[in-house]
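>>> quick one, fold the following:
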Amino acid sequence: MSDTLFYCGLSGLVLPVPNKQAFPEAFREASRLQYYASLFNSIEVNSSFYKVPMPATFRKWSLDVPDDFVFTVKLNRDITHAKALAYKEADVTRFMQAANETGNKKGCLLVQFPASITDEYYEEVDLLLHRLQQHNQTGKPWQIAVEFRNSRWYNKQVYAMLDEHKACMVLHDMSNSATAVLNKKAGVAYFRFHGPEKGYRGSYSNDVLKRYAALIQQQLLRGRQVFAYFNNTLGDAIGNLYTLRDMVAAD
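Below is the predicted model of the structure:
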């Protein structure tokens with residue numbers, strides 16, 4: 001297995017070319033995922049938020065990428081966005097059984113809650129993280145990454161809860177709910193770039209990316225794996241990703 005510490009990619013299968021005819025010659029017969037995996041070492045799968053892929057689909061994805069590639073998979077909205085978090089426990093089981101077919105290509109499991117889920121639902125979030133870890137006991141484990149969209153979650157009690165469940169606080173820049181700090185016992189650091197403008201748009205300046213590169217380098221020096229994904233896919237995600245990756249590697 002790879003000893004890679006820095007994984008970076010895009011939120012969704014975004015490519016730097018308009019169609020398959022523009023693929024490099026060596027990838028003309030390859031899938032979109034195979035070409036993507038030649039460029040980046042990870043992807044944040046967002047389609048799983050809308051529809052849970054079949055177990056066979058996860059297995060095929062795993063076979064289509066190199067050994068040092070990992071998948072981050074976003075938990076389905078029927079769970080994270082259920083009213084008052086009153087989801088069906090069977091949905092958690094079904095999702096995890098499918099996603100676990102990724103095998104040794106597991107990266108992070110992204111658990112993103114909407115702004116309507118405030119710390120009023122502390123016990124429900126606590127229980128969900130417990131259930132996810134119950135399905136995370138076989139083979140290479142998923143790293144659980146939690147993204148809140150309400151700033152009321154950023155307190156000592158919540159950070160302690162994440163530590164208890166071996167989960168990490170996603171460091172993101174969504175307006176009105178941007179994350180302050182990583183929880184101390186987090187095994188990994190997870191950066192999510194939603195874009196400097198509203199609607200997942202815009203390009204990050206080099207000065208901003210330099211600051212993030214320095215933060216990532218700090219985490220790497222501490223021996224933490226770092227995952228970074230650009231979600232400004234209606235803007236300049238690919239260019240920003242290349243720039244950040246080069247900055248992190250430069251020092």
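
>>> please make it C-alpha for all contacts and neighbour counts, starting now.
Noted.

>>> elements contacting the helix or strand that contains Arg245?
Element membership of Arg245, judged by DSSP states H and E, is helix 237-250. Using 3 or more Cα pairs under 8 Å, 6 or more residues apart in numbering; DSSP states H and E as the contact criterion, the neighbours of helix 237-250 among helices and strands are strand 6-10, helix 206-221, strand 225-230.

>>> neighbours around the closest residue to Gln225 other than its chain neighbours, how many?
Residue nearest to Gln225 in three dimensions, not counting chain neighbours: Leu5, with 4.4 Å by Cα to Cα, 6 or more residues apart in numbering. With neighbours defined by other Cα atoms under 10 Å, the count for Leu5 comes to 14.

>>> OK, contacts around Leu5?
Under the criterion of Cα atoms under 8 Å, 6 or more residues apart in numbering, the contact partners of Leu5 comprise Leu220, Gly223, Arg224, Gln225, Val226.

>>> now do Gln143
Contacts of Gln143 by Cα under 8 Å, 6+ apart are Gly107, Cys108, Leu109, Lys166, Ala167, Cys168, Gly187, Val188.

>>> what of Pro24?
For Pro24, the set of contacting residues under the criterion of Cα under 8 Å, 6+ apart is empty.

>>> now do the phi/psi pair for it.
phi -60, psi 150 (degrees, to the nearest 10).

>>> now the strands: where do they sit in the stretch 51-200 of the chain?
70-74, 106-112, 143-147, 167-169, 171-172, 188-193 (DSSP state E, counting those that start in this stretch).

>>> as CSV, these with mean pLDDT and distance to Lys88 would be great.
As requested, the strands of the stretch 51-200 of the chain are arranged in CSV below (pLDDT from 0 to 100; distance: least, Cα to Cα, whole Å):
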stretch, mean pLDDT, distance to Lys88
strand 70-74, 99, 17
strand 106-112, 98, 16
strand 143-147, 98, 19
strand 167-169, 97, 22
strand 171-172, 96, 28
strand 188-193, 97, 27
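
>>> would you reformat those as a markdown table and include distance to Gly9?
A markdown table is the format used below for the strands of the stretch 51-200 of the chain (distance: least, Cα to Cα, whole Å):
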| stretch | distance to Gly9 |
| --- | --- |
| strand 70-74 | 10 |
| strand 106-112 | 12 |
| strand 143-147 | 16 |
| strand 167-169 | 18 |
| strand 171-172 | 15 |
| strand 188-193 | 10 |
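
>>> so which of those strands is the most packed in?
Sort these by mean neighbour count, taking mean count of other Cα atoms under 10 Å, and strand 167-169 sits at the top with a mean of 27.

>>> where's Val17, which helix or strand?
With elements delineated by DSSP H and E, Val17 resides in a region that no helix or strand encompasses.

>>> how about it, nearest residue that isn't a chain neighbour?
Closest residue to Val17 apart from its sequence neighbours, by Cα to Cα, 6+ apart: Phe23 at 6.9 Å.

>>> for Met174, same thing?
Spatially, and ignoring its direct neighbours in sequence, Met174 is nearest to His194 (6.1 Å; Cα to Cα, 6+ apart).
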